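S.K.: turn this into a structure:
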Amino acid sequence: MTIFLFLIIADIVILVLESIFPFQHYNQYIVANFDLIVSILLIFFLAINFFFFENIKKYFPNLLIIILAVIPFEFIFLSIWGYDMGAGVYTILYVFRILHLFALLYTLKLLGSNFISFSKQNGLGYGIIAITAIFIIGSVLFYIFEFNLNPNIVVFEDAIWFSLVSVTTTGYGDIVPFTLAGRVTAAFLIVSGVSFATFATASLASSIFQKFREEKVTRDKELDEQNKLLIEKFEKTRDELNEIKGMIKKLEK
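M.R.: Numbering: from 1, shown residues only. Modelled structure (predicted):
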C-alpha cells in the first residue's frame, strides 16, 4: 500500500513539472504511460475494495473526484491527437491535467489516511512535502539559471535529472552548474537532501521506539490486570478455605 501511495506522489510530481515546462515528445509518452499505470492500479485497488472488502461505499461521496483521478487524460489525448495537437486541444488537456492533479491529491488523502496520520505523528509528512517542494522549485530555478548558458541543459528534463541526482546526493557528474546561481541552487538541493535523509531516519527510528514503548505499556497493563485477577482469585480461595475450616471445627465440636 505504501509503495502504491508513493507511485501516486511520483505521478503528481511529474505532472506538476510537466505543467510548468512541457517535456520532449518521447518523455511526454513516458509520462502518459506512467500516469496510465497509476490509473490502472488505482482502479484495481478500488475493485478489490468493492469485491472483497465491500467498503467502497465510503468513497461514494467523492465519486466524481475519484473518476477524475482514475482517467489517464494524458494518455488519451496523446493517443487520439498525438504530439502535434493544436493549441485549443492542448489547452483542454492542460485544464484536465490540473483537475486530474487535484483529484489525485484528494484521492491520496482518502487512501493514505493511515499513512498521513502516521506521518503527522512523527513529522515525516511535513518533511516529504518540504523535500518535494524543494525538488520542484530547485528544478525550475536551475533550468532558468542554466538554460542557454550550460551546454548540458538543453531541455527541462535535464534540470529535473540534475535536481534528482543532487537531492539524493548521488552526483553522477554528467551535468554540472556553470553559473553562480546554479551552484547555489545545487548546494541547496544537496544540503536539503542530506537533511531530509537524516530527518527521515530519525523520524522512523523515533516511531519504532515509540511503538515499542506503547507495546511495553500495553503488556505491563495486561500483566497488572492478570496479577490483580490472580490475587482476587487467591483471596477468594483463601476465604473459602477459611470457611471450610470453620465448618470442620464446628462439626468436630
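
S.K.: which residues are in contact with the host helix or strand of residue 47?
M.R.: If you go by DSSP states H and E, residue 47 is part of helix 25-48. Helix 25-48 has contacts (Cβ atoms under 8 Å, 6 or more residues apart in numbering) with 4, 7-8, 10-11, 14-15, 18, 22-23, 56, 59, 66, 69-72, 74-75, 78, 83, 100, 104, 107, 111, 157. Where you see a C-beta, it was placed from the backbone N, CA and C, and this is true even at glycine.

S.K.: pull out the buried positions in that helix.
M.R.: 27, 28, 31, 32, 34, 35, 36, 38, 39, 41, 42, 46 (16 or more other Cβ atoms under 10 Å).

S.K.: could you identify the most distant pair in those?
M.R.: 27 and 46 (28.7 Å; Cβ to Cβ).

S.K.: torsion angles phi and psi at residue 138?
M.R.: phi -60, psi -40 (degrees, to the nearest 10).

S.K.: what's the burial count for it?
M.R.: Counted with other Cβ atoms under 10 Å, the neighbours of residue 138 add up to 25.

S.K.: OK, contacts around it?
M.R.: Residue 138 neighbours (Cβ under 8 Å, 6+ apart): 163, 166, 167, 185, 188, 189, 192.

S.K.: so which of those residues are in helices?
M.R.: 163, 166, 167, 185, 188, 189, 192 (DSSP state H).

S.K.: of the contacts of helix 25-48, buried ones?
M.R.: Here, 16+ other Cβ under 10 Å leaves 4, 8, 11, 14-15, 18, 23, 59, 66, 69-72, 74-75, 78, 100, 104, 107, 111, 157 buried among the contacts of helix 25-48.

S.K.: ok, for residue 159, nearest residue in space, not its chain neighbours?
M.R.: With sequence-adjacent residues excluded and distances taken as Cβ to Cβ, 6 or more residues apart in numbering, residue 159 is closest to residue 143, at 3.6 Å.

S.K.: name the helix or strand for that neighbour, please.
M.R.: helix 124-146.

S.K.: that helix: which residues count as buried?
M.R.: 124-125, 127, 131-132, 134-136, 138-143, 145-146.

S.K.: please work out the average pLDDT along that helix.
M.R.: For helix 124-146, mean pLDDT is 89.
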